[in-house]
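Asks: show me the folded form of this:
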Amino acid sequence: MAPQDSGAAAVRSILTRLGKHRGLVGGAERLRKSVIDIGPLLDLEPVRKRAYRDRVPPEEAVLLVVRELARQLPPTERLIADAALSLELLAARPPATLDLTQFYGTDLGKRREFLNEHWSALLAHLGVESIPDAPSVRSLRDKREHHAVTQLARLLTSETDYAGTLYELDEPADAGVRQRASRTARGVITVVGAAVIDHIYRTDHLPTVGGPAARGRFEEQIGGKGFNRAVAAARLGFQVRLLTAVGDDENGRKILRQLAKEKVDTELVRVLRGLRTPVAAMIIAGGGGIGTIGSIDDAVRLSENDLNDPAAQEAITESDALLLTFEQPISVLEKVFRMIRPVADPPWLLVQPTPSLDRPQYLYQYFDQIDYLLGTRRELGSLLATGEQSPPGDPESVAQQLVAMGVDTVCTVEGFQCAARSARTAYDLPRPAAAHLDESPGARAAFTAALAARLLVNERSADRDDFVYATAAMAATQSFGDVASAMPPATKIDDIVNFPANGTDGH
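Replies: Down below sits the predicted model:
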């Protein structure tokens with residue numbers, strides 16, 4: 001990536017995060033109070049020139065420069081950027097027939113709806129004669145805003161000389177800023193799952209009833225699907241918060257120490273006094289086959305009341321991505337879904353439906369909130385099984401049924417392969433050339449974290465290259481050591497993606 005492209009991507013990311021709720025409403029005070037790192041904006045050459053020329057603070061210069069350069073965009077992109085960032089480009093000369101209060105409000109979802117509803121009138125006001133079809137709210141979120149803000153970021157980081165234009169704007173009154181202590185330039189990921197102690201049995205084969213005895217060795221590790229996903233996301237450079245519960249014992253303290261070592265925020269890890277941290281068992285055969293024995297002790301888990309904590313509410317509703325497993329009680333899962341339902345611009349929601357639920361139909365009403373549902377054939381099939389019915393066996397049919405029930409994209413992930421299905425696309429990613437085992441304990445945790453990382457970096461729905469990246473992340477976890485320690489950094493994933501013989505590289 002060229003330096004200019006890298007700079008534009010960083011600027012685009014900052015602008016997008018500023019726009020997610022209030023936009024630039026609130027003026028320079030909004031930027032001064034924001035906990036988003038706006039340093040790269042203040043360091044832009046056109047901003048520094050404008051601040052020097054007008055003898056104004058750099059935060060004020062940012063607003064002036066962004067608005068002036070946004071006016072250089074084509075009318076359609078100008079309107080989309082105006083709505084995405086609440087730039088108030090039309091405030092001085094509004095259309096006579098429209099009230100722009102909602103268009104420049106603090107709710108990004110309502111700004112999108114206003115733009116979709118009044119698209120033709122707004123473009124006509126700008127003098128456009130041949131008016132294209134209005135973009136849907138979904139297309140604005142998935143693609144159009146990303147493209148418009150990218151064009152603006154490129155203008156801001158271009159090497160052309162900037163002297164400022166003669167446009168004059170009335171500065172909006174300062175407004176209060178909603179603080180987000182968890183915001184960083186890279187993005188925030190919240191994980192809701194479990195952290196446990198895994199007893200690992202590594203054997204020459206998986207033992208069966210009446211079969212020959214397995215030979216192997218035993219070790220103890222920190223695990224849990226929530227823990228592993230949090231570690232995987234943190235190793236990719238994101239700020240990560242884990243919502244889980246542990247016991248008030250040495251194992252619980254060990255988990256907290258390891259999370260802190262991995263730079264995972266432990267503020268929302270609840271320590272339950274007088275209780276022991278759960279223990280689970282995992283049997284790993286020589287070729288990578290895996291068998292598990294889950295804990296039957298349900299005492300050390302989150303409760304609905306734990307989600308009433310303001311910090312927990314903020315983590316769930318205002319993160320950039322939310323990774324959810326079924327390790328917590330179904331009442332907690334339902335509350336998480338209910339909390340993000342009314343959010344205008346909710347976090348990307350990635351769900352792995354494991355362990356399986358006795359009554360998965362209780363969650364059917366929330367399926368339309370799931371952006372990415374990821375799991376093995378059995379895990380996904382168990383969502384369609386009720387009572388004594390066996391899980392459906394045809395993964396293609398299962399995926400299509402889940403999409404029909406509202407899930408945006410279903411990813412069947414197993415054996416270092418991925419089949420992604422949505423109403424719009426179908427991708428089949430084979431095993432990377434680097435994959436030599438049959439399976440790896442941390443593979444799906446790495447896949448989930450890597451896919452979330454691509455969603456946050458690109459700020460749009462996943463395409464084939466993103467699934468290639470996530471599939472490569474699975475191959476990068478192959479290890480007979482500690483599961484969490486096998487979670488790969490971005491450089492290791494990139495090496496697999498870029499390897500010439502990589503099986504995922506074909507288009």
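
Asks: just the mean pLDDT for the helix or strand in which M474 is found, thanks.
Replies: Following DSSP states H and E, one finds M474 within helix 464-475. Helix 464-475 shows a mean pLDDT of 94.

Asks: enumerate every residue touching the residue nearest the centre of the chain.
Replies: Taking CA atoms, centre = their mean, the centroid of the chain lies closest to A321, which sits 2.8 Å from it. Residues near A321 by CB atoms under 8 Å, 6 or more residues apart in numbering: G187, V188, I189, T190, P347, W348, L349, L350, A452, L455, L456. Using the backbone N, CA and C atoms, a C-beta is placed for each residue, glycine as well.

Asks: burial of P74, as a residue count?
Replies: By the measure other CB atoms under 10 Å, the count of residues near P74 is 12.

Asks: gap between it and L243?
Replies: Computed as CB to CB, to the nearest Å, the P74 to L243 distance reads 43 Å.

Asks: ends of stretch 267-278, what's the gap?
Replies: With CA to CA, to the nearest Å applied, stretch 267-278 spans 20 Å between its terminal residues.

Asks: now stretch 452-469
Replies: First residue to last in stretch 452-469 (CA to CA) measures 11 Å.

Asks: name the surrounding residues that touch that stretch.
Replies: 9, 12-13, 16, 142-143, 145-146, 186-187, 189, 233, 236-238, 320-321, 323, 348, 350, 371-372, 408-409, 411, 418, 420, 425, 427, 429, 450-451, 470, 490, 493, 497, 504-505, 507.

Asks: so which of those residues are in helices?
Replies: Among the contacts of stretch 452-469, the ones falling in helices (DSSP state H) are 9, 12-13, 16, 145-146, 233, 450-451, 470, 490, 493, 497.

Asks: can you give me the strands in the stretch 251-400 of the chain?
Replies: In the stretch 251-400 of the chain, the strands defined using DSSP state E, counting those that start in this stretch lie at 264-265, 269-272, 279-285, 290-293, 321-325, 348-352, 372-375.

Asks: of these, flag the one that's most buried.
Replies: strand 321-325 (a mean of 27; mean count of other CB atoms under 10 Å).

Asks: mean confidence for that one?
Replies: 96.

Asks: starting at the chain centroid, how far to it?
Replies: Here strand 321-325 shows a centroid-to-chain-centroid distance of 8 Å under the convention CA atoms, centre = their mean, to the nearest Å.

Asks: can you check stretch 262-271 too?
Replies: The chain centroid and the centroid of stretch 262-271 are separated by 19 Å under CA atoms, centre = their mean.

Asks: how near is L323 to T448?
Replies: Distance of L323 to T448, computed by CB to CB: 6 Å.

Asks: which neighbours do the two share?
Replies: Counting by CB under 8 Å, 6+ apart, the shared contacts of L323 and T448 are R229, L350, Q352.

Asks: of those, closest to P135?
Replies: Closest approach between the shared contacts of L323 and T448 and P135, by CB to CB: L350, at 25.0 Å.

Asks: in contact with the closest one, which residues?
Replies: By CB under 8 Å, 6+ apart, the neighbours of L350 are A321, L322, L323, L324, D371, Y372, L374, T448, L451, A452.

Asks: wait, the third one touches A233, no?
Replies: Yes: with contacts defined as CB atoms under 8 Å, L323 counts as touching A233 at a distance of 7.2 Å.

Asks: P75 - how many residues pack around it?
Replies: Applying other CB under 10 Å, we find 14 other residues in the vicinity of P75.

Asks: and it, how far from I200?
Replies: From P75 to I200 the distance is 60 Å (CB to CB).

Asks: flag the shaky bits of the stretch 401-507 of the chain, pLDDT-wise.
Replies: 438, 479-484, 500-507 (pLDDT under 70).

Asks: that one: strands as residue ranges?
Replies: So, for the stretch 401-507 of the chain - with DSSP E, counting those that start in this stretch - the strands run 409-414, 417-422, 426-429.

Asks: mind putting those strands in JSON lines, mean neighbour count and distance to G274 included?
Replies: Output for the strands of the stretch 401-507 of the chain, formatted as JSON lines (neighbours: other CB atoms under 10 Å; distance: least, CB to CB, whole Å):
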{"stretch": "strand 409-414", "mean neighbour count": "24", "distance to G274": "38"}
{"stretch": "strand 417-422", "mean neighbour count": "21", "distance to G274": "43"}
{"stretch": "strand 426-429", "mean neighbour count": "16", "distance to G274": "47"}
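
Asks: closest to S440 out of those?
Replies: strand 409-414 (11.2 Å).

Asks: so what touches that closest one?
Replies: In contact with strand 409-414 (CB under 8 Å, 6+ apart) are residues 371-377, 380, 395, 398-399, 402-403, 418-422, 439, 443-444, 447, 451, 461-462, 467, 474.

Asks: tell me how far that strand lies from the chain's centre.
Replies: Offset of strand 409-414 from its chain centre (CA atoms, centre = their mean): 16 Å.

Asks: quick one: list the elements packing against the helix or strand where L31 lies.
Replies: Secondary structure assignment for L31, by DSSP H and E: helix 27-33. For helix 27-33, the elements it packs on are helix 58-70, judged by 3 or more CB pairs under 8 Å, 6 or more residues apart in numbering; DSSP states H and E.

Asks: which secondary structure elements does the helix it packs on contact?
Replies: Looks like helix 58-70 contacts helix 27-33, helix 39-42, helix 45-54, helix 75-85, helix 145-157 (3+ CB pairs under 8 Å, 6+ apart).

Asks: any chance of these in JSON lines, with mean pLDDT and distance to K335 too?
Replies: As requested, the helices and strands packed on helix 58-70 are arranged in JSON lines below (pLDDT from 0 to 100; distance: least, CB to CB, whole Å):
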{"stretch": "helix 27-33", "mean pLDDT": "77", "distance to K335": "31"}
{"stretch": "helix 39-42", "mean pLDDT": "86", "distance to K335": "37"}
{"stretch": "helix 45-54", "mean pLDDT": "81", "distance to K335": "43"}
{"stretch": "helix 75-85", "mean pLDDT": "91", "distance to K335": "30"}
{"stretch": "helix 145-157", "mean pLDDT": "89", "distance to K335": "30"}
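
Asks: identify, out of those helices, the most deeply packed stretch.
Replies: Of the helices and strands packed on helix 58-70, helix 75-85 is the most buried (mean count of other CB under 10 Å), at a mean of 23.

Asks: following it, which helix or strand shows up next?
Replies: Using DSSP H and E, the next helix or strand after helix 75-85 towards the C-terminus is helix 108-117.

Asks: got the buried residues for that following helix?
Replies: Neighbour-count burial for helix 108-117 flags L108, G109, R111, R112, E113, F114, L115, N116 (criterion: 16 or more other CB atoms under 10 Å).

Asks: pretty sure the third one contacts A84?
Replies: In other words, R111. Yes: when contacts are counted by CB under 8 Å, R111 is listed as touching A84 (7.5 Å).

Asks: about what we covered before: save the helices and strands packed on helix 58-70 as TSV, and put in distance to I330 too.
Replies: Conversion of the helices and strands packed on helix 58-70 to TSV gives the following (distance: least, CB to CB, whole Å):
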stretch	distance to I330
helix 27-33	39
helix 39-42	43
helix 45-54	50
helix 75-85	36
helix 145-157	35
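
Asks: quick one: closest of the ones you listed to E314.
Replies: helix 27-33 (16.3 Å).

Asks: mind saving the C-alpha coords of that closest one as PDB?
Replies: Taking Å, rounded to 0.1, in the frame of the first residue of the first chain, the C-alpha atoms of helix 27-33 are listed here in PDB:
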ATOM      1  CA  GLY A  27     -17.700  22.100  16.200                       C
ATOM      2  CA  ALA A  28     -14.200  22.300  17.500                       C
ATOM      3  CA  GLU A  29     -15.300  21.400  21.000                       C
ATOM      4  CA  ARG A  30     -16.600  18.100  19.700                       C
ATOM      5  CA  LEU A  31     -13.100  17.300  18.400                       C
ATOM      6  CA  ARG A  32     -11.300  18.500  21.600                       C
ATOM      7  CA  LYS A  33     -13.500  16.300  23.800                       C
END
